[in-house]
Structure formats: structure tokens, C-alpha cells
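> I would like the atomic coordinates for the input below:
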Amino acid sequence: MSVDAIILAGGRSSRLGGVAKASLLRDGRTLLQLAIDAARAAGGRVVVVGPELETTAPVRFVRERPAFGGPAAAIAAGLDALRDGVATEGPAQVAVLACDMPDAARALAVVLEAAAATAGTDADGWVAVDDSGREQSLLAVYHREALERRVAALRTSQPGGDLAGVSVRQLLAGLVLRQVSVPDGGSADVDTWADAADLGVDTAGESPVPDMSTTPTADPEERLP
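Okay, the predicted model is just below:
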């Protein structure tokens with residue numbers, strides 16, 4: 001069973017001093033490329049929501065409206081892109097993956113397996129959870145119809161008709177979500193330079209890592225509230 005994927009790669013990276021997470025390197029590959037490789041294992045189309053970067057193979061890039069509108073707006077843009085120009089209905093499920101989890105491939109594989117095994121249940125989505133009980137809603141598989149329904153409802157209720165500033169928690173409100181335990185470290189993300197160091201992530205040679213003591217505070221809408 002193939003599953004399309006939306007990769008979120010357009011955050012401000014405020015706690016990294018504005019250095020784009022997608023461009024950070026792990027063993028010679030960007031975090032974006034690692035996310036693309038993980039998503040392609042699902043067998044469907046891949047859409048990246050964020051600024052264009054070099055990749056090993058062509059992939060479609062789109063931007064959320066407005067740019068830096070937050071992860072919910074990015075998911076909506078990804079859904080729009082997957083629907084554009086498609087004569088027939090795509091896969092019933094869609095994976096959502098933030099680009100800042102360098103070890104997400106094995107975790108996403110576990111979530112995909114759980115989604116396939118329980119596809120006929122009342123679940124609207126399958127969300128990764130680590131051994132501490134922390135949910136990662138940006139490492140998940142959702143029923144496309146459920147996400148489309150929530151996006152449409154929020155667009156109707158928002159004054160500007162877009163999802164700028166809407167949190168992922170709001171987007172997923174009312175959906176039936178199943179937690180899926182993933183391998184240790186699979187959902188670990190890079191939010192700070194300390195995280196990057198712990199996960200073996202670095203910048204390109206021409207972009208030295210800033211002093212962690214001077215890293216600015218987080219943009220509250222960049223990640224889940």
C-alpha cells in the first residue's frame with residue numbers, strides 16, 4: 001500500500017539563529033534529504049513545504065500561505081499540492097514528517113506498518129510516541145479525508161481564510177488518533193544547537209555553529225504548542 005508524504009521544511013529555525021534546519025548535515029546528507037529518503041520508502045508522492053534546496057532527485061517544493069504561517073498551514077499547503085492536477089484520487093493515507101528528525105526513517109516505518117495493520121478501524125491517524133510518552137504529531141500518518149475535512153473547517157472559520165497561526169493541535173482537534181511506540185531516538189528532533197550536537201548534526205563547512213549561549217528563544221508557532 002503506497003502512502004503520499006508531506007515534509008515540513010519551512011520553519012524559521014529561531015533557536016538555531018535562523019540557520020535552516022533542512023540544510024543541516026548528518027553524515028554528508030542534509031536533514032531534508034534524510035526526510036525525503038524516509039518518506040520515499042512509503043511508496044507514494046512526496047511534497048516538500050519549504051524553500052527549495054538541492055536534492056539527490058527531483059521533488060516538488062511548495063510554500064505555505066503565508067510563508068512561515070506555521071506547521072498547520074504547511075500541512076494544508078502540502079494537501080493542496082497533492083491534489084493539484086491529479087485526475088484520480090490518491091492514496092487514502094498521507095504521512096506528515098518534519099525535516100528535523102535525522103533518525104525518523106525507522107520510526108516512520110513503524111508508524112506506516114501500524115497504519116496499514118489497522119486501516120479498517122475508526123482511527124483517523126497514527127502518531128509516533130517515544131518511550132517517555134511524548135507524542136510527535138509531525139511524525140505520523142493520517143487519513144487524507146480526515147485532514148482535508150479539518151483544513152476546510154478551519155479555513156472557513158479563519159478571518160483570512162488561511163491557517164496562519166493555527167496550531168497543529170487545533171488542526172487535529174476531534175480526530176481519533178492512535179499512539180504508535182517508535183524506536184528509541186526515532187522521533188528526536190533538532191530544536192537547538194545542543195540537540196544538533198547530540199544527534200551528530202552539523203552545518204556546512206562555511207557556516208560555523210553559533211555559540212549556544214547566544215541562541216535566541218523559540219518561535220512559539222514553529223513547533224507544537
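
> This structure: strands as residue ranges?
Here the chain has its strands, by DSSP state E, at 3-8, 25-26, 29-30, 43-49, 60-62, 93-98, 125-129, 135-143, 177-181.

> can you put these in JSON lines and add mean pLDDT and mean neighbour count?
(Each C-beta comes from the backbone N, C-alpha and C, glycine too.) Formatted as JSON lines, those follow (pLDDT from 0 to 100; neighbours: other CB atoms under 10 Å):
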{"stretch": "strand 3-8", "mean pLDDT": "97", "mean neighbour count": "26"}
{"stretch": "strand 25-26", "mean pLDDT": "96", "mean neighbour count": "18"}
{"stretch": "strand 29-30", "mean pLDDT": "96", "mean neighbour count": "20"}
{"stretch": "strand 43-49", "mean pLDDT": "96", "mean neighbour count": "22"}
{"stretch": "strand 60-62", "mean pLDDT": "96", "mean neighbour count": "17"}
{"stretch": "strand 93-98", "mean pLDDT": "97", "mean neighbour count": "27"}
{"stretch": "strand 125-129", "mean pLDDT": "97", "mean neighbour count": "24"}
{"stretch": "strand 135-143", "mean pLDDT": "97", "mean neighbour count": "24"}
{"stretch": "strand 177-181", "mean pLDDT": "97", "mean neighbour count": "17"}
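
> could I get those as JSON lines with distance to residue 171?
Shown next, in JSON lines, are these (distance: least, CB to CB, whole Å):
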{"stretch": "strand 3-8", "distance to residue 171": "12"}
{"stretch": "strand 25-26", "distance to residue 171": "28"}
{"stretch": "strand 29-30", "distance to residue 171": "27"}
{"stretch": "strand 43-49", "distance to residue 171": "14"}
{"stretch": "strand 60-62", "distance to residue 171": "17"}
{"stretch": "strand 93-98", "distance to residue 171": "10"}
{"stretch": "strand 125-129", "distance to residue 171": "11"}
{"stretch": "strand 135-143", "distance to residue 171": "9"}
{"stretch": "strand 177-181", "distance to residue 171": "12"}
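
> To residue 110, which of the ones you listed lies closest?
Checking the strands of the chain against residue 110 by CB to CB gives strand 177-181 as the closest, at 6.2 Å.

> tilt between that closest one and strand 125-129?
40 degrees (axes from the mean of the first three to the mean of the last three CA atoms, to 10 degrees).

> Out of the strands of the chain, which is closest to residue 105?
Of the strands of the chain, nearest to residue 105 by CB to CB is strand 93-98, at 9.6 Å.

> Packing partners of the closest one?
Other elements packing on strand 93-98 under the criterion 3 or more CB pairs under 8 Å, 6 or more residues apart in numbering; DSSP states H and E are strand 3-8, helix 31-40, helix 71-83, helix 104-117, strand 135-143, helix 144-157.
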